[in-house]
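Student: fold the stuff below for me.
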Amino acid sequence: MDKILVLDFGGQSTQLIGRRIRQLGIYSEIAPGDARLEDLPLRDARGIILSGSGFSVYEAGAPEMDRRVYDLGVPILGICYGFQRISQDLGGTVQSLGRKEFGRARVTLGSASPLFARVPGTSFVSWMSHGDSVTSSPDGFQVIGRSESGLPAAFADERRRMWGVQFHPEVTHCEHGMDILEAFAVDICSARREWNLQRFLAEEREALARRIGNRRVVLLISGGVDSCVVAALLVRTLPPDQVHLMYIDTGLMRQDESDEVRVSLATLGARHVHVVDASRRFYSELKGVGDPEQKRRIIGDLFIRVQQEEIAKLGIENAFLAQGTLYTDLIESGRGVGNKAAVIKTHHNVRSPLVEAARERGMVVEPLASLYKDEVRALGLELGLPASIVGRHPFPGPGLAVRILGEVTQEKCDLLRRADQLFISELRSRGLYEKIWQAFCVLLPIRSVGVSGDVRRYGHVLALRAVASLDAITADVYPMSMTDLLEISSLITNRVPEIGRVVYDVSSKPPATIEWE
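Tutor: Purely as a prediction, here's the structure:
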């Protein structure tokens with residue numbers, strides 16, 4: 001099967017590049033950017049894309065590519081750091097000029113190039129994220145696009161079949177980004193469109209059955225989209241007696257979620273479903289803890305300890321541990337394919353020491369680890385899950401603990417649950433829920449003065465968050481109408497009197513993340 005190989009230098013959107021190529025119906029594979037040529041999966045590679053990175057190409061320790069890759073003769077496209085890597089490696093110069101470009105920036109095209117053949121007109125709005133710039137191109141390269149700052153935004157050596165762009169065509173905010181990637185993968189590389197979700201499902205089921213064999217597998221299921229899709233995949237792939245679904249009630253779930261989870265699990269047809277109430281233990285271990293990373297570590301470790309205790313009680317030791325880990329979890333936790341990935345936030349199902357120990361023993365299966373949320377939703381429908389489960393907004397593994405800034409207590413959880421239920425129910429009744437990627441409330445660690453009747457009140461401050469996204473790599477604020485915001489705010493402060501002030505988060509990702517912690 002034809003493929004486009006993506007070399008990962010640790011950029012936060014590396015996996016998104018691979019995802020976009022798959023959206024074109026072309027298989028993509030990601031490999032470490034600093035791997036030796038002999039170790040790269042080059043078979044059937046019709047083209048190579050060099051990813052971004054948090055490094056500068058000229059600094060010590062920056063990831064370097066085996067330069068023999070340039071001599072393979074297959075088309076190469078460098079994106080951001082990859083653009084600068086090509087320049088640095090082949091005799092150009094890269095410098096920090098003090099003119100940094102972040103976010104939307106218009107690119108004006110120069111001479112005609114097959115890379116921009118699908119882009120209408122002579123300019124478009126790109127998405128930039130760089131502090132360094134290519135100040136001179138290598139011999140044989142021609143600048144084919146400049147940013148509004150006059151800096152090189154794209155160059156090409158078409159004789160050697162090499163292109164580079166300073167912007168990120170893979171992010172949704174880049175105009176004609178998919179057209180540019182399609183021009184590279186289809187027009188320039190002549191890669192055939194042979195990839196689809198049905199093929200992924202068939203190959204993943206075969207791989208699961210082969211790896212697990214006749215061993216048992218335990219899945220910690222939250223009732224969210226990811227774990228439910230993994231549960232359906234396991235139940236529909238393995239004999240029923242091999243699959244054990246375990247739901248641990250942490251006390252950090254949304255309103256009535258535990259009951260909803262029980263109903264959801266019943267629809268999967270699983271034979272072994274274990275429900276464990278461990279809420280008191282979680283509240284106890286989180287007492288006095290305010291640091292978000294420490295909260296995530298505590299929750300992740302306790303999740304696994306409770307699971308291990310319950311497995312021992314059930315007599316199913318030495319079972320595989322299945323998880324609903326997605327590409328975005330791996331990226332943000334710094335477990336990208338390359339060795340230079342940055343840690344944005346720790347996901348309890350990725351960086352927990354106990355999960356790491358199970359992973360070292362080869363006892364962790366993560367069948368969704370190459371997929372993004374939109375792909376997972378499509379896979380869930382393919383597996384026959386109801387739309388009510390597949391369409392749920394994402395919910396973090398640590399639950400409300402990362403939506404309560406500062407110390408987590410049962411009282412705060414109860415307060416946040418009430419407010420969040422009102423917010424979500426209002427979004428549903430107003431026909432907004434399906435239009436929003438993710439919406440939730442955040443309880444802030446401050447109080448503000450207010451008035452209730454004629455009495456001074458010192459109430460909690462609640463933040464509302466609603467974003468539009470396709471893959472959670474980037475996200476825009478959902479443009480909620482002022483009327484909706486005013487009415488929802490009034491409803492919350494009237495029905496949850498402990499809350500005295502409501503604010504709306506208008507930060508995009510980047511620079512913010514979707515969750516607050």
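Student: so the closest residue to residue 318 other than its chain neighbours: helix, strand or coil?
Tutor: Nearest residue to residue 318, sequence neighbours excluded (C-beta to C-beta, 6 or more residues apart in numbering): residue 215, at 7.3 Å. Heads up, the C-betas are built off the backbone N, CA and C, glycines and all. State at residue 215, reduced to three classes by DSSP: H, G, I helix; E, B strand; the rest coil: coil.
Student: residue 215: how many residues sit nearby?
Tutor: 13 (other C-beta atoms under 10 Å).
Student: surely it touches residue 321?
Tutor: No - assessed by C-beta atoms under 8 Å, residue 215 is found out of contact with residue 321, at 11.2 Å.
Student: how long is stretch 176-192 end to end?
Tutor: In stretch 176-192, first residue to last residue: 21 Å (C-alpha to C-alpha, to the nearest Å).
Student: any idea how far it is from the chain center?
Tutor: In terms of C-alpha atoms, centre = their mean, to the nearest Å, the centre of stretch 176-192 is found 24 Å from the chain centre.
Student: what do you get for stretch 192-204?
Tutor: Distance, stretch centre to chain centre, for stretch 192-204: 21 Å (C-alpha atoms, centre = their mean).
Student: same question, stretch 228-241
Tutor: Taking C-alpha atoms, centre = their mean, one finds stretch 228-241 lying 24 Å from the centre of the chain it belongs to.
Student: residue 488 touches residue 425, doesn't it?
Tutor: No - if you go by C-beta under 8 Å, residue 488 and residue 425 don't touch, sitting 10.0 Å apart.
Student: so between the two, which is more surrounded?
Tutor: Remark: of residue 488 and residue 425, residue 488 carries more neighbours, 21 against 14, as counted by other C-beta under 10 Å.
Student: tell me the spacing between the closest residue to residue 197 other than its chain neighbours and residue 369.
Tutor: Spatial nearest neighbour of residue 197, excluding adjacent residues (C-beta to C-beta, 6+ apart): residue 378 at 5.6 Å. Distance from residue 378 to residue 369, counting by C-beta to C-beta, to the nearest Å: 16 Å.
Student: with residue 31 instead?
Tutor: From residue 31 to residue 369 the distance is 15 Å (C-beta to C-beta).
Student: any idea of the mean pLDDT in the strand or helix carrying residue 155?
Tutor: Using DSSP states H and E, residue 155 sits within strand 152-157. Averaging pLDDT along strand 152-157 yields 94.
Student: cool, stretch 373-380 as well?
Tutor: In this model, stretch 373-380 has an average pLDDT of 88.
Student: one more: stretch 48-65?
Tutor: On average, stretch 48-65 scores 92.
Student: and it, what's buried?
Tutor: 48-53, 55-57, 62-63, 65 (16 or more other C-beta atoms under 10 Å).
Student: can I get that stretch in CSV, CA atoms only?
Tutor: Output of stretch 48-65 as CSV, limited to C-alpha atoms (Å, rounded to 0.1, in the frame of the first residue of the first chain):
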residue,chain,number,x,y,z
ILE,A,48,8.5,12.1,3.0
ILE,A,49,7.3,15.0,5.2
LEU,A,50,9.6,16.5,7.8
SER,A,51,7.6,17.7,10.8
GLY,A,52,7.9,20.8,13.1
SER,A,53,9.7,20.9,16.4
GLY,A,54,10.1,23.0,19.5
PHE,A,55,13.9,23.2,18.8
SER,A,56,15.9,25.7,16.7
VAL,A,57,17.9,23.9,14.0
TYR,A,58,21.1,25.6,15.1
GLU,A,59,20.9,24.9,18.9
ALA,A,60,22.8,22.1,20.6
GLY,A,61,20.7,18.9,20.9
ALA,A,62,18.3,19.8,18.1
PRO,A,63,17.1,16.7,16.3
GLU,A,64,18.9,16.0,13.1
MET,A,65,18.0,13.8,10.1
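Student: ok, back up a step: the helix or strand hosting the residue nearest to residue 197: what's the following helix or strand?
Tutor: Under the criterion of DSSP H and E, residue 378 resides in helix 373-382. Toward the C-terminal end, the helix or strand that comes next after helix 373-382 (DSSP H and E) is helix 387-390.
Student: ok, then the element right after that next one?
Tutor: Toward the C-terminus from helix 387-390 - assigned by DSSP H and E - lies helix 410-429.
Student: residue 241 is in contact with residue 272, isn't it?
Tutor: Yes - Residue 241 is within contact range of residue 272, at 7.4 Å (criterion: C-beta under 8 Å).
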